[in-house]
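the sequence isn't on hand, but the structure is:
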């Protein structure tokens, strides 16, 4: 069974631009969670989608948004990029959102210059 | 809110040494506890888990016991290998907290482990 895939793996953007990251979950998984990983703040939960609905959200500004499609693939969008948005963005999938069944992708490394 | 505290790192050991990485947690409900490992350039992999008090999770020679009385979940391995070099994260999820817990893991800050031959 294929694992969680994330595209692109690396991105360089300029401050003020927007970016869209993609996550394809394991086949049959309906829940996708997103995390931001930085050296200073560690791993922080962004949001979770299940059956195309956002069920849970972390403490991030509205510039961070996401969506989920009917095939469970998910996208995360960051608008008006700031230097502090440079991070590794990880997505994780699970059958139904039960956290101990989460499987992580390799991440997208975003650099904002 | 929920939180996880890991011992300060990094940790440097010689091959075959004993490993302990301390982890304590604060939670309002009855959390499940996990250890994840991250190898360079990769995402996180679930190493082991425990879903209730006194449960012991184990995998690949690593063990951790869910201690409710001390709110701890320390990771141990009797004899580390160079291939164990990675970043280790302690995490919790409180599924019984309802909607605010869906799909959410709360992580500690991570402990870098380096094992020398």
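Okay, I see it. Nothing here was measured: the structure is a model prediction, and the numbers come from that model. Numbering: from 1, shown residues only, chains lettered A, B, ... in the order given.

leaving out sequence neighbours, find the closest residue to the closest residue to chain B within chain A.
As assessed by C-beta to the nearest C-beta, chain B sits closest to residue A:48 within chain A, at 2.9 Å. Heads up, the C-betas are built off the backbone N, CA and C, glycines and all. Leaving aside its sequence neighbours, residue A:48 sits nearest to residue B:103 (C-beta to C-beta, 6 or more residues apart in numbering or on different chains; 2.9 Å).

how near is the one you found to residue A:46?
Counting by C-beta to C-beta, to the nearest Å, the gap from residue B:103 to residue A:46 is 10 Å.

next, show the common contact partners of these two.
Residues touching both residue B:103 and residue A:46 (C-beta atoms under 8 Å, 6 or more residues apart in numbering or on different chains) are residue A:33.

ok, these two, which is more surrounded?
Set residue B:103 next to residue A:46 and count neighbours by other C-beta atoms under 10 Å in any protein chain shown: residue B:103 wins out with 26 against 22.

secondary structure element for the residue most central in space within chain A?
The centre of chain A sits closest to residue A:34, judged by C-alpha atoms, centre = their mean, with a distance of 3.4 Å. For residue A:34, the element it lies in under DSSP states H and E is strand A:31-38.

partner strands of the helix or strand just after that strand, with direction?
As assigned by DSSP H and E, the chain's next helix or strand after strand A:31-38 is strand A:42-50. Strand A:42-50 has the following strand partners under DSSP bridges: strand A:31-38 (antiparallel), strand A:53-57 (antiparallel).

show residues contacting strand A:42-50.
Contacts of strand A:42-50 (C-beta under 8 Å, 6+ apart): A:30-38, A:54-60, A:64, A:66-68, A:74, A:76, A:89-90, A:96-97, B:89, B:102-110.

report the contact partners of the residue nearest to the centre of chain A.
Counting by C-beta under 8 Å, 6+ apart, residue A:34 has contacts A:23, A:45-48, A:66, A:74, A:76, A:89-92.

against residue B:5, how distant is the nearest residue to residue A:45 once chain neighbours are set aside?
Excluding its sequence neighbours, the residue lying closest to residue A:45 (C-beta to C-beta, 6+ apart) is residue A:58, at 4.1 Å. Distance, residue A:58 to residue B:5, by C-beta to C-beta: 19 Å.
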